[in-house]
Structures are given as structure tokens and as C-alpha cells.
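In: can't give you the sequence, but here's the structure:
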Ligand code: PMP
């Protein structure tokens with residue numbers, strides 16, 4: 001059993017009042033909060049060893065380089081990549097996806113097919129549409145049912161030797177659905193297609209094993225898992241990273257430069273042009289240590305309890321519709337809902353006055369909202385540091401808002 005009060009004391013932000021009320025932070029799907037060890041690691045970097053990496057002979061540069069590369073190795077172990085150079089630091093999930101999409105621009109040909117799921121975040125849709133415009137490839141969509149589950153029988157029929165790439169999120173940000181990524185990867189490989197998994201929403205809840213999944217690419221952001229914003233990773237299988245051309249040109253990513261020809265640096269630096277978010281990478285490593293210290297089994301158990309309790313309590317409300325699967329074992333700790341006849345934004349605004357942070361809107365997943373024919377939802381997303389008492393406060397606040405708006 002986790003000692004939640006002790007854990008909450010690790011997060012300075014959680015003890016504050018917002019609009020005169022104790023903060024209830026249920027917007028973890030958008031960004032998670034940051035424990036003091038991570039904040040301290042940022043202060044420590046800028047206080048003691050702020051220096052540019054990989055190019056200095058001086059001591060501070062070497063300390064910073066070692067710390068940054070150690071963070072890469074920590075991330076390699078966390079995601080169970082075979083080599084540390086298969087971990088590319090990015091500015092976040094979005095950049096990781098764009099890097100791969102950009103690389104495939106030189107691989108895809110007209111009428112090749114690429115497959116996306118109906119449950120994607122815009123950042124796992126738009127780069128592929130841009131790629132299709134550029135290459136003449138065709139984008140196909142795995143449909144979903146009303147419970148927010150992808151239709152695997154349709155997916156299998158969509159695959160053919162024309163399919164070059166499949167991309168899908170591990171967990172949906174809008175509905176919390178845990179997608180059958182193992183199956184998706186296995187079937188894509190049978191036709192020779194590569195697979196990119198968007199792990200942005202999965203990494204706070206579970207520990208992905210990229211070798212076991214056998215995905216070709218896996219992308220994630222530090223800020224969803226207790227780390228800072230502006231840093232993330234792209235995992236890529238070595239063979240793919242060698243095949244893809246660099247995404248950005250600049251310093252750090254070259255071996256030699258003359259005006260006639262430039263040769264590129266080896267992995268991972270080939271994809272890391274310019275001065276990276278050094279401090280962010282180091283703090284990402286600290287965040288991963290922090291979460292592993294709590295343990296992902298304990299995190300999953302606590303979040304599942306919150307999901308079950310929150311779902312049960314919200315079902316007390318009249319005219320509520322909760323979107324997504326009814327099978328809570330197939331869902332992360334995200335509850336996306338609406339109250340009939342009331343705009344989600346209005347509820348969000350009223351409960352904000354009561355100190356409660358939730359997300360309202362389309363959650364960068366407009367096709368899902370179009371599917372349900374709604375403008376958006378209210379999304380409460382729980383982290384391991386949330387409590388049932390906070391859920392009680394939240395449910396009472398939603399009831400109050402409902403009364404005011406009905
Ligand atoms: N994919 C999913 C499923 C997400 O939830 C998010 C963040 N909301 C992203 C991609 C984009 O992540 P970032 O903004 O950190 O690049």
C-alpha cells in the first residue's frame with residue numbers, strides 16, 4: 001500500500017490553495033506534477049554545473065556531458081532498449097513523431113499505405129497527413145466502436161503488402177482506452193510494416209518494454225511522468241534509426257563539414273542537432289528514478305482504485321454520460337464525461353472556482369469528439385498522488401455546477 005500523504009509531501013504544488021480552496025489536481029493527462037527531487041535536480045544543474053555538452057574539454061562540460069549521457073542510459077534501462085544510442089532525446093512526443101514522419105518522407109512512395117487509429121491525438125495525425133501530402137501515400141484509419149475500442153477485425157483486413165507504417169497510441173488521452181498494441185505490432189510486422197507507438201499517456205501508468213512489445217518506434221514526453229516540459233524521447237530500433245535520414249541539420253549531429261559535403265555523426269547524435277535541453281534530460285532521468293522508486297505495480301493499483309471509485313461516484317449523477325470502455329481493466333485512470341444539456345466548458349469553469357483542475361474540450365482529439373457528435377468532454381485524469389477524498393470533493397463540485405446550470 002502506498003503512503004499517499006507521504007508521497008503528496010514530495011510535490012510542493014499540491015499543498016497550495018487555488019481560488020481560496022485546496023487544489024484538487026485532476027489534469028494529469030495534460031501534464032503531471034513535479035516532485036521536489038526533480039525540481040532540486042534542475043536547481044542543482046543551474047547552480048553547479050551548467051555547461052554545454054559533448055564539446056568542451058573543461059570540467060563543467062564533462063560533468064554535464066556525463067550526467068546527460070547517464071540519463072540516456074537510465075532511460076534505456078527504463079524502456080528496456082537494447083542500446084543506449086537507440087534513445088534519442090527530443091523536445092517531447094510531438095517532436096519524436098515528426099522526426100519519424102520526416103524520415104519516412106524519403107522512404108514512402110505514391111500509393112503506399114499508412115494506418116492510423118481513430119483514437120489518436122492530433123500530434124499523431126497531422127504529421128502523417130503532411131507526409132501523405134508530400135509523398136502521395138494514403139492514410140487509412142482503424143475505426144472504433146461506441147465504447148472507444150479499436151476494431152481489430154477491420155484492422156487486420158486493412159493490412160496488405162502496401163502497408164508501410166502503422167501508428168497508434170498505447171493509451172488514449174481522450175478516453176483512457178488501453179489499446180491492444182502487442183496485437184497491432186504483430187499483425188503489422190506480418191506484412192512488413194513498421195510500427196510507431198505513441199506512449200505519451202502510457203508512461204505515467206506503466207513501464208513499457210520496447211523489446212517485448214517489438215515496436216519499431218516508441219515516443220514519450222517527460223512532463224507526463226513527473227519530469228519537466230520540453231523534453232522527451234524517441235526510441236527507435238537501431239536498424240530503423242540507421243535507415244532514417246537526420247531530421248534537423250546543425251551542430252552536434254555532424255562528423256565532418258565542408259562546403260562540398262557533410263557526413264553525419266553516429267547514433268544518437270545524428271538526430272540531436274544543436275544544444276539540447278541538457279537540464280531537462282538530466283531531470284527526466286531523476287523523474288524516472290522517482291517513479292521507479294514508488295514502483296509501477298503500486299502506481300497501477302492506486303490508479304485503478306481511483307478509477308473504479310471515481311466512476312462509481314460519478315455514476316450517482318443524473319444525466320451523466322461517461323465515454324469509453326465499461327471494462328475498467330482495459331482503461332487507464334481517465335474519466336471523460338458529459339452531463340446532458342450542459343456544455344463541458346461551463347462545468348470546468350465553475351469547478352475551477354472551487355479549486356479543481358480538470359480539462360474540458362476536445363483534448364486534441366477532434367475526430368473522437370466528431371464520432372460522439374459532441375463539442376468536447378470534461379476529463380478527470382488521476383495520478384498515483386490523488387486520493388478518494390479529492391474525488392469526493394470533485395463529485396460534490398460537479399453536482400453543485402449541475403444544479404447551478406440546469
Ligand atoms: N500523444 C498523446 C496521446 C498525448 O496525450 C499528448 C499530450 N497531450 C501528445 C501526444 C503530445 O505530447 P507533447 O505535447 O508532450 O508533445
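Out: Cool, got the structure. Here the structure is a predicted model, which means the values were calculated and not measured. Numbers count the residues shown, from 1 in each chain.

In: how about the closest residue to the ligand within the stretch 301-406 of the chain, secondary structure?
Out: For the stretch 301-406 of the chain and the ligand, the shortest gap (Cβ to the nearest ligand atom) falls at residue 364, measuring 6.0 Å. Every residue, glycine included, has its C-beta placed from N, CA and C. Classification of residue 364 by DSSP: H, G, I helix; E, B strand; the rest coil places it in coil.

In: in terms of contact, does it touch residue 123 like I think?
Out: Yes - Residue 364 lies in contact with residue 123 (Cβ atoms under 8 Å); the separation is 6.9 Å.

In: what about the residue of the stretch 301-406 of the chain closest to the ligand, how many neighbours?
Out: If you count neighbours by other Cβ atoms under 10 Å, residue 364 ends up with 17.

In: tell me the contacts of it?
Out: By Cβ atoms under 8 Å, 6 or more residues apart in numbering, residue 364 lies in contact with 121-123, 173.

In: Up against the ligand, what does the stretch 251-400 of the chain have?
Out: residue 364 (Cβ under 6 Å from any ligand atom).

In: Okay, helices next: where are they in the stretch 251-400 of the chain?
Out: Secondary structure of the stretch 251-400 of the chain (DSSP state H, counting those that start in this stretch): helices at 278-294, 296-314, 344-353, 366-372, 388-405.

In: Give me the mean pLDDT for the longest one.
Out: Averaging pLDDT along helix 296-314 yields 98.

In: got the buried residues for that helix?
Out: Buried residues in helix 296-314, counted by 16 or more other Cβ atoms under 10 Å: 296, 299-300, 302-304, 306-307, 309-311, 313-314.

In: Give me the phi and psi for whatever residue is furthest in space from the centre of the chain.
Out: When distances are taken from the C-alpha mean of the chain, residue 260 lies farthest, 40.4 Å away, according to Cα atoms, centre = their mean. Backbone torsions of residue 260, given as degrees, to the nearest 10, read phi -80, psi -40.

In: What degree of burial does residue 352 show, as a neighbour count?
Out: Residue 352: 16 surrounding residues under other Cβ under 10 Å.

In: just the one 4 residues further on next, same as before
Out: Applying other Cβ under 10 Å, we find 27 other residues in the vicinity of residue 356.

In: Please name the nearest non-neighbouring residue to it.
Out: Residue nearest to residue 356 in three dimensions, not counting chain neighbours: residue 24, with 4.5 Å by Cβ to Cβ, 6 or more residues apart in numbering.
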